[in-house]
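Novice: Okay, here's the prediction I keep looking at, along with the sequence it came from:
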Amino acid sequence: MACKLSAIVAVSDDWGIGYEGDMIVSNRADMKHFVSCTTGHPVIMGRKTLDSFPGGRPLKNRRNIVLTRDEHFAREGVEVVHSVDEARAAVADEDEAWVIGGEEVYRQFLPYCAQAVVTKNHCLRLADTHFPNLDEDETGDWFVFEESEPARIGEDEEDSGIEYRFVTYRRRSMADLFASQVDEQDEEESAAEPVHIRTMILYRSKHHGNTKRIVDAITAAFPDDVDTLDVSTVDKKNPKVDLTSYHLIGIASGIYFGEIDRDLARVMQASVRSGDFVFSLLTYGGASKWYGKDIDGICRATHANFLAGHGCPGFDTWGPYKLMGGMNKGRPNDDDIADMVAWYGQLVEGYGKPLINEYEKRLRRAAWDAAHPDPTMMDKLKNTGRHLFGRKKK
């Protein structure tokens with residue numbers, strides 16, 4: 001497999017990237033994005049970029065390759081190369097390497113890059129280094145492959161309020177490289193062992209135990225992957241459950257007047273975290289299929305990701321249906337349960353690899369956040385002073 005070269009950069013509206021050795025926009029989300037993309041891969045940079053890192057030390061958990069004309073340059077933890085060809089040869093056996101700056105290194109490597117991941121900060125700042133404007137590429141080779149929704153830098157940051165987007169550009173002339181790598185990846189996955197996704201299903205089963213029958217069936221079908229927890233056993237004063245070791249979280253409940261069980265909702269609100277992936281398994285009384293919109297609402301409030309939900313009728317003698325002698329007698333039946341188990345299996349098969357990748361990225365982000373705590377008030381004052389009174393040359 002040929003090594004795919006990718007460039008990653010943060011720019012302002014005029015594609016400026018830095019001023020006097022500093023980035024021109026401070027954006028914590030962009031730094032996390034950079035770490036998420038590059039960790040585990042080689043990074044190629046110029047000597048000035050290396051010197052701009054804290055203490056001039058190389059980045060952790062990455063091969064640091066520095067391109068320089070200085071034949072005598074050496075630094076611990078760094079691989080030194082003296083030409084583009086030498087750098088490309090150094091990463092030939094890697095699946096992907098990232099070019100991270102500065103301006104001259106970007107310009108030398110861009111003809112060999114298959115994609116460029118660009119953080120577009122919507123502002124204009126004084127800049128003495130720039131990245132080539134891919135929106136005005138005269139060759140027409142570069143195109144926008146995907147683009148995130150706009151976001152804003154946090155209020156507690158130095159450059160708060162600036163709008164930004166993550167934009168991925170790809171080159172038409174290198175489309176075959178992506179296609180060949182996808183084909184090889186598909187072949188590897190088809191020959192690989194089944195994907196194992198660690199799943200926690202939070203449930204509450206009242207009255208006739210409709211929900212528990214479904215949860216027990218899924219657990220029996222996937223005994224090594226699925227854990228379950230009846231929220232009736234959770235302390236109501238401290239409803240938070242530790243879900244950090246799970247790739248996927250299931251919410252299983254009957255539907256009561258259009259909502260899931262209130263105790264289950266309380267535990268979900270306290271336990272589901274930003275970035276978690278959630279699905280639902282629902283049983284419902286009556287003739288209508290209710291989807292539990294409150295599950296999606298809780299996911300939105302906690303910034304979790306609601307993937308999908310599945311439901312079936314369940315025997316109901318509660319509330320208004322009690323007067324009618326119950327509804328959906330005999331449900332969920334064997335076919336309903338088998339359908340639920342098959343649906344969960346398809347969910348895992350479809351989302352398996354991406355879920356594992358996202359989970360591992362979150363672990364790396366958490367480790368990075370732990371090693372890089374938020375700046376102190378004194379740090380913020382120093383940064384504000386630097387912007388107000390200008391940066392001094394090193």
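Specialist: Done, it's in. Numbering: from 1, shown residues only.
Novice: Check the gap between Arg171 and Trp142 for me.
Specialist: From Arg171 across to Trp142, the span is 6 Å (C-beta to C-beta, to the nearest Å). The way it works is simple: take the backbone N, C-alpha and C, and place the C-beta from them, glycine included.
Novice: Ok, Gly56 next?
Specialist: For Gly56, the distance to Trp142 equals 33 Å [C-beta to C-beta].
Novice: For these two, work out which one has more neighbours and name it.
Specialist: Counting neighbours by other C-beta atoms under 10 Å for Gly56 and for Trp142 shows that Trp142 has the greater number, 21 against 11.
Novice: distance between the ends of stretch 205-212?
Specialist: 6 Å (C-alpha to C-alpha, to the nearest Å).
Novice: What distance do you get for Met23 to Gln115?
Specialist: Met23 is 21 Å from Gln115, by C-beta to C-beta.
Novice: just Arg125 next, same as before
Specialist: 25 Å.
Novice: same check, this time on Cys123
Specialist: Between Cys123 and Gln115 the distance is 24 Å, computed by C-beta to C-beta.
Novice: tell me which residues in stretch 158-178 are buried?
Specialist: By 16 or more other C-beta atoms under 10 Å, the buried positions in stretch 158-178 come out as 158-159, 162, 164, 166-167, 169-171, 174, 177.
Novice: and which of those residues is nearest Cys37?
Specialist: Phe166 (9.6 Å; C-beta to C-beta).
Novice: doesn't the closest one fall inside a strand?
Specialist: Yes. Assessed by DSSP: H, G, I helix; E, B strand; the rest coil, Phe166 belongs to a strand.
Novice: if I pick it, what's in contact with it?
Specialist: By C-beta atoms under 8 Å, 6 or more residues apart in numbering, the contact set of Phe166 is 33, 117-120, 147-148.
Novice: do that again at 7 Å, thanks
Specialist: Contacts for Phe166 (C-beta atoms under 7 Å, 6 or more residues apart in numbering) come out as 33, 117, 119, 148.
Novice: any weak-confidence spans in the protein?
Specialist: Residues of the chain meeting the criterion pLDDT under 70: 1, 175-194, 206-208, 256-258, 285-292, 316-326, 372-394.
Novice: Can you spell out the domain ranges of the chain, please?
Specialist: Residue ranges for the domains of the chain, per automatic domain parsing: 4-189, 199-357.
Novice: ok, Gly102 - contacts?
Specialist: 18, 46, 48-49, 129.
Novice: same check, this time on Leu67
Specialist: Per C-beta under 7 Å, 6+ apart, neighbours of Leu67: 44, 46, 81, 87, 105.
Novice: And the strands in the stretch 1-150 of the chain, which stretches?
Specialist: 4-11, 16-19, 22-23, 43-46, 64-67, 78-81, 96-99, 115-121, 129-130, 142-147 (DSSP state E, counting those that start in this stretch).
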